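> missing the sequence, but the structure's below:
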C-alpha cells in the first residue's frame, strides 16, 4: 500500500511538470521566436554557397533606354549648319535647311557674328570662326 501511494505521488508530480511544459509551449507559440545567431562555421559555409550561386547566375537583361530628342534652339540649328559646311553657307541655304524665316535668320547670324562663333567670308556667306 505504501509503495502504491509513492508511485501515485511520483506520477502526479510528473503530470504537473508536463502541464507546466505544455503551458510554456502554448505561450511561446503566441510569441515570435527569437532566432539565435548562426555559428561562424555555418555562416562561412553559407557565404561560400552564395558566392557559388552568384557565379552561376545568368546576367540580367536590361531594358532599352529610349532617349528623348533634345530641342535645339534656332541659333543652335544655324550654328550647326554653318559648322558642317566647309566652304561656307549662304543665307538662302540656311533658310532652306533650317526652315526659318528671313528676318529670324538675319538676327541669328548677326548675334553669332557678334559672339564670335561665326565670321563672314563674303557677302551673305558665313563660316565657323
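Structure received. Computed from a prediction, not measured in an experiment: that's the story for all the values here.

> hey, let's count contacts and neighbours off CA atoms from now on
Fine.

> now the element after the least confident helix or strand in the chain by mean pLDDT, going C-ward?
When each helix and strand of the chain is scored by mean pLDDT, DSSP states H and E, helix 40-56 comes last, with a mean of 60. Per DSSP states H and E, helix 40-56 leads on to helix 74-84 as the next helix or strand towards the C-terminus.

> give me the contacts around that next one.
88-89, 94, 97-98, 100, 105, 108-109, 112, 117-118, 126-128 (C-alpha atoms under 8 Å, 6 or more residues apart in numbering).

> ok, 10 Å please
Surrounding helix 74-84, the residues in contact under the criterion C-alpha atoms under 10 Å, 6 or more residues apart in numbering are 71-73, 88-91, 93-95, 97-100, 104-105, 107-109, 111-112, 117-119, 125-129.

> count the neighbours of residue 100 for me.
Other residues near residue 100 number 14, with proximity taken as other C-alpha atoms under 10 Å.

> from the chain's centre, how far out does the longest helix belonging to the chain sit?
Identified as the longest helix of the chain according to DSSP state H is helix 2-30. Per C-alpha atoms, centre = their mean, to the nearest Å, the displacement of helix 2-30 from the mean C-alpha position of its chain is 60 Å.

> contact partners for residue 12?
Under the criterion of C-alpha under 10 Å, 6+ apart, the contact list for residue 12 reads 6, 18.

> quick one, what contacts residue 97?
Residue 97 neighbours (C-alpha under 10 Å, 6+ apart): 77-78, 81.
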